[in-house]
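In: Model the following, please.
(chains A and B)
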Amino acid sequence: MWIVRLLNLGITILLLILNLAGTSAAGPAPAPVQRVLVLYSDERLLPANIIVDEAIRAAFAVGTNNRVEFYSEFLDVARFPGEQQRQKDFFRDKYRERPPDLVIAVSGGALVFLAEHRADLFAGVPIVYCSVTGDPHPDHLSDARIAEVKVPDCVAPTLEMMLRLHPDTRRVAIVSGNGPRDRQMADTFRQEMTTFGNRVAFTWLTNLSMEELRGQLSRLPDHTVVLYVTMFQDAADKTFTPRQALEAFAPASRAPIYGCYDTYLGHGIVGGSMVTFEQIGRKAAQLGIRILAGEDAQAAARSESYQAVPMFDWHQLRRWNISEQRLPPGSIVRFKEATYWEQNYRIILTALSLCLLEALLIVALLVQLRRRRLAEAALRESDQRMSLAVAASNFGIWIRDFARNEIWASDKWRELFGFTPSQRLELECILQRLHPDDREAIRQAPEKAVADGGRYEMEYRLMLPDGGMRWIASQGRVEFNAKGQPSLMRGASRDCTAQKQAEQETLLLRQEIAHVGRVSMMGQLASALAHEINQPLGAILRNAEAAELFMENESPDLDEIRAILADIRKDDQRAGSVIDRMRALLKRHDLETRPLDVGELVGDVASLARADAAARQVKLDVDVPGGLPLVRGDRVHLQQVLLNLILNGMDALNGVSREDRRVSVTARLDGVQTVEIAVSDTGHGIPADKLAHVFDPFFTTKPNGLGMGLPISRTIIEAHGGRLWAENNNGGGAAFRFTLPIAEEAAAG
Amino acid sequence: MSVTPPTVHIVDDDASFLAAASRLLRASGFAVKTFSSASDFLAQRDTDAPGCVVADLQMPEMNGLDLQSALARTRNPLPTLFLTGQGDIPSSVRAMRGGAEDFLEKSAPKEKLVDAVKRALARDEREREERARQRELRARFDALSERELEVLGHVVQGRLNKQIADDLGIHERTVKRHRTAITTKLGVRSVAELTRLTLDAGIFTASAPTVPKGL
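Out: Coordinates of the predicted model:
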């Protein structure tokens, strides 16, 4: 039950609401009707009138809430100039019952009519004068009831514009009709053109029939432009709307036509400075609305204004080949046929953008593809190179993981060390295959590598099952974990047996050459050394013979004989020591360095050379200061160098007078690490151009020289870690100097 | 003539050999003096003493050959015998050219050495006598005047008196008078004898006489 009640209540409330809504919609009283009479000077179908009419109605529709009734009357003064009286009577009768609240007079004819008949017609009704270019502004406009928004001067700006667009213009032809309305318009134009009189010539094409006008226009001289005023009627009394007339003559004209009305645009004029009829109508309507609303007509009129705008017909601009760029700023170009591009530029742009984007994508993809191919090729190449390198260089790769105590090695490495590819690698197992002398070093290798900053480099011997031996060169790096502890060691090993053999052979060869050098030097010294040996031998012989003779005496002098025997022993030792020195030099000999006393070294060599020096009448001076530190070197090899330098020095003295024949050997401490030994002579020195070549193999200045002595000497000194060079002495002669490192023991001390 | 016995002067820079050689030669009956260098010998020797020199060919500073040529320039150029550790041909040729008595290796047999020393001493004696004879001859020639020496020069060339007169621009008779004076002063009887004597005296070789014109 209660549900039914509730429903009833709801319906009641709904009805109430609907009722209320209905009452409020019908609330305000209807607005008063305002009557607006628009009085046109010309005929109804004049294009300007149609536009103005529409603009007025539209402006009223927007500008006021009041109900407005419009009445339109067309005086058509151009065709019915004498009908005013009757029209006045007609309007008075017509609007007696419905007097207008506002009259809008469109163009000058309407205003003149109103001004004349004001007393009888629409007395006290406000009038808005809607003038167009060419309309007169009679004095009675001072009437406070007549409000006008003045159309700005369009003729002078249009002329100005024409002259600017056609700078070589000499003449302006003005086309105007023959009707009273035309004449009235032409008058106004003429007044506005007066200021141009001195700039350009004016030709008035008036009082012509349409045919004549067309003829005239088709014969216009060059540098002429046409300004069209109006043509309601030609000389043959044919009537037109001015636009119709324009359409009729414009095609015949060989000069561009300009005008001041927007209704001409699209019908033959290029353009002009103009206020559009639409604007004129709207402005008049707005002024009317304000006056109807009670505003002061004059004040309202003063607050409104127009702006003339340069307007052009795009087709005509093209016809007369006038670039849009030359138009004054703010120009409006009508009927512009958008090009295909302009119509569709968005689509075209979008399509192009898409195409471009697609092309870019394709290019990017191609580039990407090419990069990938290149990268792949490079990778392949790199792989191939790597495997080639690995194969070619006999490199076996290995990794020793300290953390897991594992050793991984490549197949090549396994092959090198004689492990099968699947065999598990253990350090001890590998060590067993190494030469026993090398095992400890390998065991220590990681610690040593860590101490060396991670670098690992070793050479060791691998014992082959067949009893042969293989030299392995191994290089690698220790890698550290985050805690800085060595985590693994990675490297490559290769068979360097051939290289080792080559090195060994080179060493042997070098020693062989050095030995040959020594033997050849001994050959040079042979006669001097023979003298050196024969001297004690001769003495021994003489002593023995003398002893024999003494013994023949009945009472031999035993003291004498003892002395003889002592001398014999001494001479024998002397001969022996010469032979020992020779033998030492003649023996094949490996480089064995040990600490040497420089004084002893030089002294030994000097005694070997002294006999030769004597034979050649050369003074051999030795000046080695005492207290020089020991040097590290090989006695025999260094003697060879010294002897070679001394013999060279003596050779250099050929042709030098006997008193000046001197070779001196000196030694001095050079810095803290080296001792410098110099052999200088008093010869003619080394010519500057040969100084650089004396150490070249087979370079010699001697008739029988081999040219190997100095290169061998240099090799020997460099093998000692020293330097051997030649220079000329300031006082003449040459000096050969070489350095030797001080023995570590001596340096430490 | 000196009364000092002929002495063997041994010059060698090798003290050991010097002593040994000295012993041997003394034991072989020679008077021996030893010098450790050529300059020592030249400075210290008895300038008139007869004898010979046994010198080491190879010595520092002044060697054997230098010694020989230095000796040759003295008034008493003793015959020199060279010893060498090892004979090298250029040196020996020079030595022999320089008038060396002999050229022996230091280890040459004793007999060779002793013979060579004996020969050298004998030669010294011979040369010494020769030098004495020449000195005596020279003394005879010293008696000749300048002009006579000049004429003598032409005579020994085998030129006739007339030619000599023309050459010297004097009268032939004057030439004859000079020749007579020469033969008288020198005590010779024939031109042959005169020529031999002149050559023996070494007048025109040693003392560089005026070279006759036209030669």
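
In: rest of the way, CA atoms for contacts and neighbours
Out: OK.

In: need the longest helix for chain B.
Out: helix B:110-141 (DSSP state H).

In: Checking that helix against chain A, do any of its residues make contact.
Out: Yes. Counting by C-alpha under 8 Å from any C-alpha of the partner chain, chain A has neighbours in helix B:110-141: B:Lys110.

In: just checking, next helix/strand downstream of that helix?
Out: Scanning forward in sequence from helix B:110-141 by DSSP states H and E, the next helix or strand is helix B:146-156.

In: Would you mind listing where the chain has pLDDT under the threshold?
Out: Just going to use chain A. A:1-31, A:138-142, A:386-394, A:524, A:588-589, A:702-706, A:745-749 (pLDDT under 70).

In: The chain in question should be chain B.
Out: In chain B, residues with pLDDT under 70: B:1-3, B:86-95, B:97-99, B:203-215.

In: could you pull out the strands for it?
Out: With DSSP state E as the definition, chain B shows strands at residue ranges B:7-11, B:31-35, B:51-56, B:80-84, B:102-105.

In: Kindly report the residues of chain A close to chain B.
Out: Contact residues (C-alpha under 8 Å from any C-alpha) of chain A with chain B: A:527, A:530-543, A:545-547, A:549-550, A:564, A:567, A:571, A:614-615, A:617-619.

In: out of those residues, which are inside strands?
Out: A:Lys619.

In: B:Ala49 contacts B:Thr4, doesn't it?
Out: Yes. Counting by C-alpha atoms under 8 Å, B:Thr4 is a contact partner of B:Ala49 at 6.5 Å.

In: Specify which residue of those two has the higher count of neighbours.
Out: More crowded of B:Ala49 and B:Thr4, by other C-alpha atoms under 10 Å in any protein chain shown: B:Ala49, with 16 against 11.

In: Next, give phi and psi for that one.
Out: phi -60, psi 140 (degrees, to the nearest 10).

In: re the thing from before, can you flag which of the residues of chain A next to chain B belong to helices?
Out: Cross-referencing the residues of chain A next to chain B against helices under DSSP H gives A:527, A:530-543, A:545-547, A:549-550, A:564, A:567, A:571, A:614-615.

In: Dump the strands of chain B to TSV, plus distance to chain A and mean neighbour count.
Out: Shown next, in TSV, are the strands of chain B (distance: least, C-alpha to the nearest C-alpha, whole Å; neighbours: other C-alpha atoms under 10 Å in any protein chain shown):
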stretch	distance to chain A	mean neighbour count
strand B:7-11	13	25
strand B:31-35	13	18
strand B:51-56	10	28
strand B:80-84	7	28
strand B:102-105	8	22
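
In: From chain B, how far off is the nearest residue to A:Leu265 once chain neighbours are set aside?
Out: In space, A:Leu265 comes closest to A:Asp313 once its chain neighbours are excluded; the distance is 5.8 Å by C-alpha to C-alpha, 6 or more residues apart in numbering or on different chains. Distance, A:Asp313 to chain B, using C-alpha to the nearest C-alpha, to the nearest Å: 130 Å.

In: same check, this time on A:Ala235
Out: Separation of A:Ala235 from chain B (C-alpha to the nearest C-alpha) stands at 153 Å.

In: Could you do A:Leu369 as well?
Out: Counting by C-alpha to the nearest C-alpha - A:Leu369 and chain B are separated by 90 Å.

In: For that residue, what are phi and psi?
Out: Torsion angles, degrees, to the nearest 10, at A:Leu369: phi -60, psi -40.

In: Contacts only, for the closest residue to B:Leu24 other than its chain neighbours.
Out: Ranked by C-alpha to C-alpha, 6+ apart and with sequence neighbours excluded, the top spatial neighbour of B:Leu24 is A:Ala546, at 4.0 Å. Remark: with contacts taken as C-alpha atoms under 8 Å, 6 or more residues apart in numbering or on different chains, A:Ala546 is in contact with B:20-21, B:23-25, B:27-28.

In: do that again at 10 Å, thanks
Out: When contacts are counted by C-alpha atoms under 10 Å, 6 or more residues apart in numbering or on different chains, A:Ala546 touches A:540, A:552, A:560-561, A:564, B:20-28, B:110.

In: Look at A:Ser322 and say how many residues are nearby.
Out: If you look again at residue A:322, you'll see it is Ile, not Ser. Applying other C-alpha under 10 Å, we find 15 other residues in the vicinity of A:Ile322.

In: so who does the residue nearest to it when sequence neighbours are not counted touch?
Out: Leaving aside its sequence neighbours, A:Ile322 sits nearest to A:Leu165 (C-alpha to C-alpha, 6+ apart; 7.5 Å). Counting by C-alpha under 10 Å, 6+ apart, A:Leu165 makes contact with A:159, A:322-323, A:326-328.
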